[in-house]
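*Asks:* Below are the sequence and a predicted model; questions follow.
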There are 2 protein chains.
Amino acid sequence: AERNKVIQQGPPNSGPYASDPQRSPVLKVNTQTPFNAETPSVLLAENFATPNDIFYVRNHLPVPRVNPESYRLEVKGEGVKTPLSLSLEDLKTEFPRHTVTATIQCAGNRRVELNRVKPVRGIPWTGGAIGTAEWSGARLRDVLLHAGVREDKIEHVHLEGLDNNPLTGERYGGSIPASKALSPSGDCLLAYEMNGVDIPPDHGYPVRAIVPGVVGARNVKWLASVVASKDEYSGFWQKNDYKGFSPSTDWNNVDFSTAPAIQELPVTSFITSPADESILTESSGETSEVTLRGIAWSGGGRGVVRVDVSADGGSSWHTAEIIAGADQPYNRAWAWVLWETSVPLPESREGRVELVCKAVDRSYNVQPESTGPIWNLRGCLSNAWHRIHVHIPKQ
Amino acid sequence: AERNKVIQQGPPNSGPYASDPQRSPVLKVNTQTPFNAETPSVLLAENFATPNDIFYVRNHLPVPRVNPESYRLEVKGEGVKTPLSLSLEDLKTEFPRHTVTATIQCAGNRRVELNRVKPVRGIPWTGGAIGTAEWSGARLRDVLLHAGVREDKIEHVHLEGLDNNPLTGERYGGSIPASKALSPSGDCLLAYEMNGVDIPPDHGYPVRAIVPGVVGARNVKWLASVVASKDEYSGFWQKNDYKGFSPSTDWNNVDFSTAPAIQELPVTSFITSPADESILTESSGETSEVTLRGIAWSGGGRGVVRVDVSADGGSSWHTAEIIAGADQPYNRAWAWVLWETSVPLPESREGRVELVCKAVDRSYNVQPESTGPIWNLRGCLSNAWHRIHVHIPKQ
Ligand SMILES: [Mo]
Ligand SMILES: [Mo]
């Protein structure tokens, strides 16, 4: 009977998504098939390395279930005389193991804030499509050089996944600049571990690309092939998605060929607690203050050098304390920082107070003040000052 | 007699600045001793490579007059067993000649815009403390490696000039991260030519450092020594100047040790024509439009991917055409772009219309909307949207 119908929380019983894994009920689900879910933002700053089970999941297609015994990574393309076909064991034993702590963020994180300006297309991520993990694997550079690839002969490295469209067979893929893939300081990995364990199915088991400082979309999961090329990858997600446009570009006049594919992401920050629209308990003392905590990150290895918080609309700013991640190498600061500060509430406060944060990165780039001027039809790159509201009971 | 007294335009007749060179009368002078003068902004976008005689001059001290025969560049420090003492001829003949087209910008360019928010300390640069030249010289990397420097043993490379304080003898100097100095893709030069001729006295004759994508202050002129070190340079301009702070930091509470020295600069753009407060002639046709031209640049080799212009306060944006500099390598786009676009004037326009531009760089970082939130006591890093006004006669 209708009354007994239950809405399924896990993967469906049949169809292409039936072999998707079980997930933590803590994740905030945005779409079930493909599975797209974010870390509740209040949990983001609770750990420097996000626990695997609550790390955001951004799947474009069904999760491929890979047999580690038969898995092979193909390495081929420009300059590669004999293509490599590497087993998981080959990757683990023939190349030095390298570990990188890197933050990954979805291009569409904080998309909901752009949606409030004018509708955009895409998954309505709030602020939790970002996470940090310790990744271990072979260096992409080592594997490419071993295969015979030379930086002066190529421009791009294609990364293609085993995930594919059940109807067409088309695989998910993307590419990164050859200079990033091959740079000794680029720290790109063919990773087989996430926070010290095998990479979970949702995050690319058995091997995924880690491209530190670069948008999540190029950190290709369930990696099938690495291809050295003179040309950029020609797939949909590289050429006709994940690009930025002016606020005056709409679906009638957009020309995807006019903008470059997103690689490094811009500086961002987010207040993780208190939660938006929290009701605070006012202290009985003379001064009232609120303690804020959050995250901040920038692409390209540009570390966050300062986070400012205001409780009075930007008239006065309080520089937050960086409580984790402050000490990362120059322009290789791949991981976020966690920050905390206490801010006095304005004396003339009303019942509802706006709290804002903004970060500055190592190149002294700053976040834009508001979302209108960075609005774009696809809802990517939403990095304006983060604003929340708290309610203070009348005394 | 008093009436015959003439205000001197060139260098003084006596004192430490008496041997400063003659300069073009086209430069807009901000201080005579030391000499600080900018390119009139209306000329900035007239050439991709700024002519040497109108390239902005930022001197901290008197111009040293150097005999090219006796000139020596000292190369020493951590890992250097036998310090090098290179003549100008040595630099030209013992190392491959390398050419880089790079934009240099003063940390305080556009400081006047911050001064309108609240007074700041520093030279009141308008928008012309930026310029682009083709620089030729030896690679800094080649010289350091030749001297025995190893990247894994040092963190910083000091660059010290021959210019010095006449009272104390203290030299101008600064340092850059070792990774930048030694990277094959960092393109740092010990330059001896500017736009195909000997570097002029005001720009560092006979040798200056070119550190592409990095603030002018580290592109040390009249270079005396290059020192490999574990430590950052300890001089005033590295430790107690050229840093960014929050708008709530003032001269009573500033602690220069809490902020990192500016290296890469953030994304910026500037309308070079029409000039601010220009009076336009309205056409007699149905639609009126105004043609804007300008420059845009970002630090760290991040090329400019888009410049947007608005004539209606940001309600609608027109993406400008990049007329020069569009085709530069990924993350080695050291030079600015020149742009141009025609924008319809709003129908409901008043006599005075605001025109604004904003740029986006390859990491999709954007310029902040306004100057208040980036105000800082020293008036550096002024990269908000550029705003000018034009006057349209009543019909
Ligand atoms: Mo994404
Ligand atoms: Mo400067």
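*Replies:* Ah, there it is. Ligands and ions are numbered 1, 2, ... in the order given.

*Asks:* where does chain A have low pLDDT?
*Replies:* Where chain A drops to pLDDT under 70, the residues are A:1-9, A:282-287, A:348-350, A:394-395.

*Asks:* How much space separates the residue of the stretch 1-150 of chain A found nearest chain B from B:Lys153?
*Replies:* Distances between the stretch 1-150 of chain A and chain B by C-beta to the nearest C-beta are smallest at A:Ala107, namely 9.2 Å. All C-beta spots, glycine's among them, are computed from the backbone N, C-alpha and C. Counting by C-beta to C-beta, to the nearest Å, the gap from A:Ala107 to B:Lys153 is 39 Å.

*Asks:* more neighbours, those two?
*Replies:* A:Ala107 (27 against 14; other C-beta atoms under 10 Å in any protein chain shown).

*Asks:* does the residue of the stretch 1-150 of chain A closest to chain B count as helix, strand or coil?
*Replies:* coil (DSSP: H, G, I helix; E, B strand; the rest coil).

*Asks:* Can you find the residue of the stretch 251-395 of chain A that comes nearest to ligand 2?
*Replies:* Closest to ligand 2 within the stretch 251-395 of chain A is A:Tyr364: 13.4 Å, counting by C-beta to the ion.

*Asks:* got a list of what that residue touches?
*Replies:* A:Val305, B:Gly244, B:Ile262, B:Glu264, B:Leu265, B:Pro266, B:Leu381 (C-beta atoms under 8 Å, 6 or more residues apart in numbering or on different chains).

*Asks:* ditto for A:Trp375
*Replies:* A:Leu114, A:Val117, A:Lys118, A:Val120, A:Pro247.

*Asks:* Apply 7 Å and report the result again.
*Replies:* A:Leu114, A:Val117, A:Lys118, A:Pro247 (C-beta atoms under 7 Å, 6 or more residues apart in numbering or on different chains).

*Asks:* Leaving out chain neighbours, which residue sits closest to the residue of chain A found nearest ligand 1?
*Replies:* Residue nearest to ligand 1 within chain A: A:Cys106 (3.5 Å; C-beta to the ion). Distances taken as C-beta to C-beta, 6 or more residues apart in numbering or on different chains place A:Ala129 nearest to A:Cys106, at 3.7 Å, with adjacent residues excluded.

*Asks:* Would you quantify the distance from the one you found to A:Val57?
*Replies:* For A:Ala129, the distance to A:Val57 - C-beta to C-beta - is 9 Å.

*Asks:* Likewise for A:Glu289?
*Replies:* A:Glu289 is 37 Å from A:Val57, by C-beta to C-beta.

*Asks:* quick one: which of these two has more around it?
*Replies:* A:Val57 (27 against 14).

*Asks:* from what I can see the more buried one touches A:Gly204, true?
*Replies:* No. Using C-beta atoms under 7 Å, A:Val57 is not in contact with A:Gly204; the gap is 10.5 Å.

*Asks:* which residues of the stretch 101-250 of chain A fall in helices?
*Replies:* A:111-115, A:140-147, A:178-182, A:236-239 (DSSP state H, counting those that start in this stretch).

*Asks:* Pick the most buried one from these.
*Replies:* Most buried of the helices of the stretch 101-250 of chain A by mean neighbour count (mean count of other C-beta atoms under 10 Å in any protein chain shown) is helix A:178-182; its value is a mean of 23.

*Asks:* For that helix, give me every contacting residue.
*Replies:* A:140-141, A:144, A:151, A:154-157, A:186, A:188, A:211, A:214, B:185, B:330-331.

*Asks:* Between those, which sits nearest ligand 2?
*Replies:* B:Asn331 (23.6 Å).

*Asks:* check contacts around whatever residue of the stretch 51-200 of chain A ends up closest to chain B.
*Replies:* Taking C-beta to the nearest C-beta, chain B has its nearest neighbour within the stretch 51-200 of chain A at A:Pro177, 4.6 Å off. Counting by C-beta under 7 Å, 6+ apart, A:Pro177 makes contact with A:His156, A:Gln263, B:Tyr330.

*Asks:* who in the stretch 101-250 of chain A is up against chain B?
*Replies:* Contact residues, the stretch 101-250 of chain A versus chain B (C-beta under 7 Å from any C-beta of the partner chain): A:Pro177, A:Ser179, A:Ser185, A:Gly244, A:Ser246, A:Pro247, A:Ser248.

*Asks:* which residues in the stretch 201-350 of chain A form strands?
*Replies:* A:208-210, A:223-229, A:268-273, A:278-279, A:289-297, A:304-310, A:318-319, A:321-324, A:337-344 (DSSP state E, counting those that start in this stretch).

*Asks:* and these as a markdown table, adding distance to ligand 1?
*Replies:* Converted to a markdown table, the strands of the stretch 201-350 of chain A look like this (distance: least, C-beta to the ion, whole Å):
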| stretch | distance to ligand 1 |
| --- | --- |
| strand A:208-210 | 14 |
| strand A:223-229 | 17 |
| strand A:268-273 | 14 |
| strand A:278-279 | 29 |
| strand A:289-297 | 15 |
| strand A:304-310 | 21 |
| strand A:318-319 | 31 |
| strand A:321-324 | 25 |
| strand A:337-344 | 22 |
